[in-house]
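> can you look at this prediction? I've put the sequence above it.
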Amino acid sequence: MAHEEPDPMSGESLDWLEEQGSIADAVDEDQLEDAAAEAYLAADDEYVPMDDGTGFLLVGGAEGGSIVSALPSGSILAASSAAPAVTGRDEALSGRLPILLVHRGGRHGDLLPLVMGQLHHQYGRSMAVGTVANLPAVKDEKLRSFFAQSSVASLRIADPQCYRLDGEVLRLEKEPIGKRAWEYAPYLASPEAADWEQRVLDAQRQVNASLLLTPGRALDPDDPQGSLDSMFQSADKALASMEQGERLALNVTIPSRWLTSEVLRNRLLDEILDQDHFDVLYVRTQWSQGKAFTPTEDAALLVGLKKLANLCQDEERSLLLPQTGLTGWFALAHGATGFGLGISGSDQCFAEYVFRRGRPGQLPAQRYFERQMLHTVDRASHDVAKSIPGYTQCECAYCADLLRNEPWSHVLSALHHLYSMGALTAKVHDESARPGGRHAAVRRIVAAAKKWTSGLPLGTSDLPRHLAAWDQAL
Ligand SMILES: [Zn+2]
């Protein structure tokens, strides 16, 4: 597998692979990872027919995730059921189904189209799959082929990440725009240009994004009106240059204060309410995260997310919450349309950057997402949990290999996490036919997790402390 560009954004220190290590320390580990990943990609090509007769979806092999119109000669038709038709962009944005956005972060992007294909095959009747790739992190050509292979993605988003210019508002690492980012995203060098919005949009068009984003510079909580004004000015310029068939989302980047402070929040929500010509919102919130893969338990932030999602639901706007992981899933209860997560820790949370010095030779944490607990735990805690009566063993294809083989594969564990989040997202839809809709569906899943987890003999760092706060917020 081709080595990926390291994601220069904040969060390397919160990465799946090296919570406290440097990139250099992880080289050997990466090679191990690649062995597991490559074995996965080397599996035979396997096709399933599409429900609507439009072709065949490849659910195994290196080209997995693509849809072909005719079955290549000699190819294998899987014994499993047909795949549902792909939900179109506009239908997905209508919110009929919750949307799971798969982030193509800095690592193992080659695996994601296959995983999306499998997610769609399994859960595509109950959720829509979308994907987000970061323009400053990958060459255009590579991004185009990634999008082309992601045939099941209802939304293809090429995130311009212009907030990398806003180190004074956000907590980013020292040099948020590295050498490659300047090269891959040349528009970052010209934010003062009169046609800047055009350049940012064109960069997304170049790679065949299906939902375009406004630049999304970070809103400064110390200059609320000024930054809101300039955001909408820039967004209006972008909107004015939309071409036939294109859709645009208002891209909003905020430090969490905008949601936790009532005054700021009201200001932001009032403005969103007024600017009703933006019917899709893509909101990225930065908050401080103590431990990788831990969703927020901050009651004020949960209230803020709820108010934002409620507003969007009431006003029939589509709210996408990129880079939020389990926290974004929680927001489905309150009216969010979709949320995003990926393989790395930084893909689950747009965390405030904190420098952590790695210790040479330190092995990366072995983590496992427990669906029943709605929580990611250390492997040792997984071993404890699975011995408890009532534990449900995950039956995903990744776990079959992950739990049987040594060494522990961080990649397979990450894919299990993605897949489990697909299952949880689909469940929200499946249960929403019952009274209370999605809200009650999430509440039931959270309550069940809280109940099952209480009394488990786990270390304090592995307890899902967010569940109590979530239960309150629901
Ligand atoms: Zn699994």
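Arrived safely.
> show me where the stretch 201-350 of the chain has its helices.
Taking DSSP state H, counting those that start in this stretch as the test, the helices found in the stretch 201-350 of the chain are 224-240, 257-260, 262-274, 299-314, 325-331.
> using CSV, lay out the ones you listed together with mean neighbour count and distance to the ion.
Just so you know, the C-beta spots here come from the backbone N, C-alpha and C atoms, and that holds for glycine as well. Below are the helices of the stretch 201-350 of the chain laid out as CSV (neighbours: other Cβ atoms under 10 Å; distance: least, Cβ to the ion, whole Å):
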stretch, mean neighbour count, distance to the ion
helix 224-240, 16, 40
helix 257-260, 22, 32
helix 262-274, 16, 37
helix 299-314, 20, 27
helix 325-331, 26, 15
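> what residues are up against the nearest residue to residue 278 once chain neighbours are set aside?
Leaving out its chain neighbours, the residue that sits closest to residue 278 by Cβ to Cβ, 6 or more residues apart in numbering is residue 250, at 3.9 Å. The contact partners of residue 250, by Cβ atoms under 8 Å, 6 or more residues apart in numbering, come to 214, 235, 272, 275, 278, 280, 281, 282.
> ok, which of the helices of the stretch 201-350 of the chain comes nearest residue 186?
Ranking those by proximity to residue 186 (Cβ to Cβ) places helix 224-240 first, at 17.7 Å.
> tell me how far the closest one lies from the chain's centre.
For helix 224-240, the separation from the chain centroid amounts to 25 Å (computed by Cα atoms, centre = their mean, to the nearest Å).
> could you list every helix and strand in contact with that helix?
In terms of contacts (3 or more Cβ pairs under 8 Å, 6 or more residues apart in numbering; DSSP states H and E), helix 224-240 is packed against helix 196-206, strand 248-255, helix 262-274.
> could you check the angle that helix makes with helix 196-206?
Put simply, helix 224-240 runs at 50 degrees to helix 196-206, going by axes from the mean of the first three to the mean of the last three Cα atoms, to 10 degrees.
> so what touches helix 224-240?
169, 196-197, 200-201, 212, 214-220, 248, 250-252, 264, 267-268, 271, 275, 277-278.
> whichever of those residues end up buried, select them in ChimeraX.
Buried members of the contacts of helix 224-240 can be picked out in ChimeraX with the line below, counting by 16 or more other Cβ atoms under 10 Å:
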select :169,196,197,200,201,212,214,215,216,217,218,219,220,248,250,251,252,264,267,268,271,275,278
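> list the buried residues in stretch 412-426.
Those would be 412-426, for stretch 412-426 by 16+ other Cβ under 10 Å.
> which one of those residues sits closest to residue 92?
The closest of the buried residues of stretch 412-426, once distances to residue 92 are taken by Cβ to Cβ, is residue 425, at 12.8 Å.
> same for the strand or helix carrying that closest one, what does it pack against?
Secondary structure from DSSP states H and E places residue 425 in helix 410-430. Secondary-structure packing of helix 410-430 (3+ Cβ pairs under 8 Å, 6+ apart): helix 27-41, strand 99-104, helix 112-123, helix 325-331, strand 338-341, strand 367-370, helix 397-402, helix 437-453.
> 7 Å - rerun?
Applying 3 or more Cβ pairs under 7 Å, 6 or more residues apart in numbering; DSSP states H and E, one finds that helix 410-430 contacts helix 27-41, strand 99-104, helix 112-123, helix 325-331, strand 367-370, helix 397-402, helix 437-453.
> among these, which is nearest residue 242?
So among the helices and strands packed on helix 410-430, strand 99-104 is nearest, using Cβ to Cβ, at 21.2 Å.
> packing partners for that closest one?
helix 112-123, strand 128-134, strand 338-341, helix 410-430.
> strands paired with that strand, and their directions?
strand 128-134 (parallel), strand 338-341 (parallel) (DSSP bridges).
> for those, give me JSON lines that also has mean neighbour count.
Below are these laid out as JSON lines (neighbours: other Cβ atoms under 10 Å):
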{"stretch": "strand 128-134", "mean neighbour count": "27"}
{"stretch": "strand 338-341", "mean neighbour count": "27"}
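> quick one, which of those strands is nearest to residue 185?
strand 128-134 (8.6 Å).
> distance between that closest one and the chain's centre?
On Cα atoms, centre = their mean, the centre of strand 128-134 falls 7 Å from that of its chain.
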